[in-house]
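Colleague: build the 3D model from these lines:
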Amino acid sequence: MSTFKKALSIAVRVLLWIIILLAALFAFTTLATRDDSNVANIGGFTPMTVLTDSMSPTFNHGDMILIKKCDPQTLQVGDIITFHTIIENEYALNTHRIVEINGSNAYRTFVTKGDNNAIQDQRRIDGSDVVGRYVGRVPYIGFVMQFLSSSVGFLIVIVLPLLVFFIYQVYHLVMVSIKLKKAVAAEAAIEAAEAATVGSDEKALAAEQARKEAEAALEEARRLKAEAEAALAQAKAAAGNSETAAESAAPEAAAADGISDKPEE
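Modeller: Predicted coordinates:
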């Protein structure tokens with residue numbers, strides 16, 4: 001049971017980190033491309049979601065691509081770049097391949113075309129419009145970002161899991177508090193039992209000491225009794241001897257009296 005709980009806890013934490021990373025990635029990709037003039041980046045890299053198949057098969061709709069900030073003067077024909085442009089009278093970021101470079105090093109313009117498009121892009125791209133160079137892709141993650149951009153997707157993937165995790169943490173905190181209270185109560189009971197045991201031991205020692213003192217007093221009383229009995233026996237013996245001596249002395253005294261009382265002839 002403990003192993004199951006531990007595995008469940010690890011799984012919940014891993015899921016939470018995945019959700020947090022997805023939310024952070026969604027927030028960054030959404031905010032990074034919101035400004036019409038600047039595109040945010042992390043360490044020079046900007047993740048972007050592919051919305052069309054104009055560059056298929058290099059990357060496809062639903063992929064996530066990584067764009068690295070670069071110096072427009074270093075770009076060459078064949079490089080894939082992301083740039084600011086206008087599509088259907090609205091600001092947009094587009095990612096196409098450079099098929100032609102016009103102008104000098106001081107001022108260059110780029111002609112771009114999607115790998116899957118039949119014609120070139122009509123608008124020529126200035127160096128100031130270039131966001132960066134394409135360096136790689138992560139397949140299908142763009143679909144996740146698109147789903148997250150919807151209110152239902154954000155609710156299901158981000159809000160609900162975080163709410164469940166919050167409830168789980170509250171439950172876990174309550175259980176830990178209950179266990180802590182039980183542990184404190186058990187510790188207090190153990191301390192009380194130890195104190196009672198110590199008191200009992202002290203009482204037992206006192207009783208043992210009293211018993212030993214009583215035994216010593218009894219032994220002393222027995223000794224005194226024996227001495228008294230011996231003294232009494234000696235006294236009786238002395239009295240008996242005195243009586244015998246008195247009895248023996250009486251006839252002699254009587255005889256002596258008879259001799260002295262006899263008249264002379």
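
Colleague: quick one: contacts for Leu15?
Modeller: Pro161 (Cβ atoms under 8 Å, 6 or more residues apart in numbering). In this view, the C-beta of every residue, glycine as well, is placed from N, C-alpha and C.

Colleague: looks to me like it is in a helix.
Modeller: Yes. Applying DSSP: H, G, I helix; E, B strand; the rest coil, one finds Leu15 inside a helix.

Colleague: quick one: it and Ile158, what's the gap?
Modeller: With the distance defined as Cβ to Cβ, to the nearest Å, Leu15 ends up 12 Å from Ile158.

Colleague: and Ala183, by the same measure?
Modeller: With distances defined as Cβ to Cβ, the gap from Ala183 to Ile158 amounts to 37 Å.

Colleague: the two: which has the busier surroundings?
Modeller: Neighbours per residue, other Cβ atoms under 10 Å: of Ala183 and Ile158, the larger number sits with Ile158, 17 against 10.

Colleague: verify the stated contact: that one with Ile19.
Modeller: Yes. In this structure Ile158 lies within contact range of Ile19 using Cβ atoms under 8 Å: 6.3 Å.

Colleague: state the helix or strand in which Glu229 lies.
Modeller: Secondary structure assignment for Glu229, by DSSP states H and E: helix 160-261.

Colleague: likewise Ile19?
Modeller: Assigning secondary structure by DSSP H and E places Ile19 in helix 2-32.

Colleague: which SSE is immediately downstream of that helix?
Modeller: Following the chain from helix 2-32 toward its C-terminal end, the next helix or strand by DSSP H and E is strand 45-49.

Colleague: just the C-alphas of that following strand, formatted as PDB.
Modeller: Once non-C-alpha atoms are left out, strand 45-49 reads as follows in PDB (Å, rounded to 0.1, in the frame of the first residue of the first chain):
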ATOM      1  CA  PHE A  45      15.000  31.200 -29.200                       C
ATOM      2  CA  THR A  46      11.300  31.700 -29.900                       C
ATOM      3  CA  PRO A  47       8.900  28.800 -30.100                       C
ATOM      4  CA  MET A  48       6.100  29.300 -32.600                       C
ATOM      5  CA  THR A  49       3.100  27.200 -33.700                       C
END
